[in-house]
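> fold the stuff below for me.
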Amino acid sequence: MTKYKQAKQTLKTISLEAKKNYSSDRPMIRMIINDYSDHLIKDYSLTEYQSNLLSNYACKLHPKN
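Have a look, this model is predicted:
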């Protein structure tokens, strides 16, 4: 499994946990997803292209208004 796929899978798990623990606090969920996305980009030393992909994926994980 590539670093990007591992980061994406981890971010999905984090997203599900955040949504479970803070179901009524959408700004908190967004903040958790974005913070972990940045953290994963640095931890996995993703390329700029992979970083952009993961950031875009993070946006898709945000709760809908």
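> what does the strand or helix carrying residue 16 contact?
Element membership of residue 16 [criterion: DSSP states H and E] is helix 3-21. With contact meaning Cβ atoms under 8 Å, 6 or more residues apart in numbering, helix 3-21 is reached by 1, 28-29, 32-33, 36-37, 40-41, 43-46, 50, 53-54, 57-58, 61, 63. Yep, even glycine has a C-beta here, placed from its N, CA and C like the rest.
> and it, which residues are buried?
4, 7, 8, 10, 11, 14, 15, 18, 19 (16 or more other Cβ atoms under 10 Å).
> can you tell me the SS state at the residue of the chain most remote from its centre?
Distance from the C-alpha centroid of the chain, by Cα atoms, centre = their mean, peaks at residue 24 (18.5 Å). Classification of residue 24 using DSSP: H, G, I helix; E, B strand; the rest coil returns coil.
> pLDDT wise, what is it at?
If you check residue 24, the pLDDT there is 94.
> same question for residue 39.
According to the prediction, residue 39 has pLDDT 97.
> that one: neighbouring residues, count only.
Residues contacting residue 39 under the criterion other Cβ atoms under 10 Å number 14.
> give the contact list for it.
By Cβ under 8 Å, 6+ apart, the contact set of residue 39 is empty.
> buried residues in the host helix or strand of it, which are they?
Assigned by DSSP H and E, residue 39 falls within helix 26-43. If you call a residue buried by 16+ other Cβ under 10 Å, then helix 26-43 has these buried ones: 29, 30, 32, 33, 36, 37, 40, 41.
> which ones are touching the third one?
It refers to residue 32. Residues near residue 32 by Cβ under 8 Å, 6+ apart: 14, 15, 18, 22.
> next one, pLDDT for the closest residue to residue 50 other than its chain neighbours please.
Leaving aside its sequence neighbours, residue 50 sits nearest to residue 4 (Cβ to Cβ, 6 or more residues apart in numbering; 4.5 Å). pLDDT for residue 4: 97.
> going on from the helix holding residue 39, what's the next piece of helix or strand?
Sequence order places helix 48-61 as the next helix or strand after helix 26-43, per DSSP H and E.
> list the buried residues in that next one.
Of all the residues in helix 48-61, those buried under the rule 16+ other Cβ under 10 Å are 50, 51, 54, 57, 58, 61.
> please consider this matter closed, and thank you.
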